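A.B. asks: Attaching a predicted model along with its sequence, questions to come.
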Amino acid sequence: MPETTRRERLVGVLQKITKQPLPGDEESLFESGLLDSFALPDLVSALEDEFSMKVPDRDLNPRKFDSIARIEAYLAEHSQ
């Protein structure tokens, strides 16, 4: 069985949180209405669980998690 990529895992987390089809990589998850400030902590918690990492409070900024591409870049920088 092939290893699941970081991107596939990320998309899975986003689909669990949003329960909606996802927009393009660069589209804003907040402007599209898929995420809001109430969903951000749920998303971050799910990412922490999925990627065995801790997102510091200083990073709890919607801009860092605004699109699939930004989340992917954040994960590449902060997870194993």
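C.D. replies: Perfect, thanks for sending it.
A.B. asks: alpha carbons only for contacts and neighbour counts from here, please
C.D. replies: Will do.
A.B. asks: how much space between the most centrally placed residue in the chain and Glu26?
C.D. replies: Nearest to the mean C-alpha position of the chain, counting by Cα atoms, centre = their mean, stands Ile71 at 4.9 Å. From Ile71 across to Glu26, the span is 10 Å (Cα to Cα, to the nearest Å).
A.B. asks: quick one, phi psi at the residue nearest to the centre of the chain?
C.D. replies: The phi and psi values for Ile71, taken as degrees, to the nearest 10, are phi -70, psi -40.
A.B. asks: Number of residues surrounding the closest residue to Met53 other than its chain neighbours?
C.D. replies: Beyond its immediate neighbours in the sequence, the residue positioned closest to Met53 (Cα to Cα, 6 or more residues apart in numbering) is Ser79, lying 6.0 Å away. The burial metric for Ser79, expressed as a neighbour count using other Cα atoms under 10 Å, is 14.
A.B. asks: I'd say Ser79 and Val55 touch.
C.D. replies: No: between Ser79 and Val55 there is no contact, the gap being 9.6 Å when judged by Cα atoms under 8 Å.
A.B. asks: State the distance from Ser52 to His78.
C.D. replies: For Ser52, the distance to His78 equals 10 Å [Cα to Cα].
A.B. asks: what do you get for Arg63?
C.D. replies: Relative to His78, Arg63 is positioned 16 Å away (criterion: Cα to Cα).
A.B. asks: returning to what we had before: for the residue nearest to Met53, what are its contacts?
C.D. replies: Counting by Cα atoms under 8 Å, 6 or more residues apart in numbering, Ser79 touches 51-53.
A.B. asks: ok, now Glu27?
C.D. replies: 66-68.
A.B. asks: List the ones among the residues you listed that fall in helices.
C.D. replies: Using DSSP state H, Ile68 are the members of those that sit in helices.
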